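J.: Predicted structure and sequence below. I'll ask about it afterward.
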Amino acid sequence: MLLGTVAVGLVVFAALWALVAVRWGPLLTLDGQVVADGHRLALDDRWLSTTSRIVTDLGSPVAVDIVAAVAAVLALIGRSIMAAVVIAGARLGELGTVTVAKMVADRARPVFAQPLAVASGQSFPSGHAAGSAALYGVLVLLVAPVLARGPRVAAVLAGILFVLAVATSRVLLGVHYPSDVVAGLAVGTAWAAVAIVIGRHVSARSRVDDHPMG
């Protein structure tokens, strides 16, 4: 299942990257219409715009880095070096991929006469969406197996809803197109799954090495 998640995430990310690179008309039209409608909605609703700002701050690169660092330290305190490495790997892998993609795609951000937020750098893909998906995705994948059914379902749903909220806030604030955040979610989720797969493989090999046959 995890390998399937990696494959789907990478395919979606690569497809959107290609469509953005060639400036595919239907995608650009849809992107422009959705971000304009979302921005107008947030502009007319003070509660929605305020909530979007709060959520987007919680999913910012700084917030993601802080949570990742705290989670990694807690993992080390609990003597789970592999979990700490998996968390760091998911975040760093996603960050590196997004950085390169932004430079190559070189997509300008949406521009509005009455901006609700200001963001620097290129638009594709969304770093907020990618970082949140990678970090909270990997945390859920690490924690879920040790939880009872009820708490496990709650943790998964909470993680999904929060990441989607961060992605949506970027469009409502008018700083990203929908394809930016979808691509971010795809690459972030893929890196979370990659980190877990590699972590499990290394752990399995370590157990074999620690208990050789014969």
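T.: Done, it's in.
J.: Over the lengthiest helix in the chain, what's the mean pLDDT, rounded is fine.
T.: Longest helix of the chain, by residue count under DSSP state H: helix 178-210. Per-region confidence: helix 178-210 scores 85 on mean pLDDT.
J.: Which neighbouring elements make contact with it?
T.: In terms of contacts (3 or more C-beta pairs under 8 Å, 6 or more residues apart in numbering; DSSP states H and E), helix 178-210 is packed against helix 2-21, helix 25-44, helix 81-105, helix 127-143, helix 149-172. C-betas here are computed from N, CA, C, even on glycine.
J.: could you give me the average pLDDT of the longest one?
T.: Per-region confidence: helix 81-105 scores 94 on mean pLDDT.
J.: What of stretch 112-128?
T.: If you average the pLDDT over stretch 112-128, you get 93.
J.: what about dumping the CA coordinates of it to PDB?
T.: C-alpha atoms of stretch 112-128 as PDB (Å, rounded to 0.1, in the frame of the first residue of the first chain):
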ATOM      1  CA  PHE A 112      -4.800  40.400  -6.600                       C
ATOM      2  CA  ALA A 113      -5.600  44.100  -6.200                       C
ATOM      3  CA  GLN A 114      -6.600  43.400  -2.500                       C
ATOM      4  CA  PRO A 115      -4.200  40.700  -1.300                       C
ATOM      5  CA  LEU A 116      -5.000  38.900   1.900                       C
ATOM      6  CA  ALA A 117      -1.500  37.600   2.300                       C
ATOM      7  CA  VAL A 118       1.900  38.200   0.800                       C
ATOM      8  CA  ALA A 119       4.300  35.300  -0.100                       C
ATOM      9  CA  SER A 120       7.700  35.300  -1.700                       C
ATOM     10  CA  GLY A 121       9.300  32.900  -4.100                       C
ATOM     11  CA  GLN A 122       7.700  30.800  -6.900                       C
ATOM     12  CA  SER A 123       4.200  29.400  -6.700                       C
ATOM     13  CA  PHE A 124       4.600  25.700  -7.900                       C
ATOM     14  CA  PRO A 125       4.400  23.600  -5.800                       C
ATOM     15  CA  SER A 126       3.100  24.800  -2.500                       C
ATOM     16  CA  GLY A 127       5.700  24.400   0.200                       C
ATOM     17  CA  HIS A 128       3.100  24.700   3.000                       C
END
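J.: With that, I have no additional questions.
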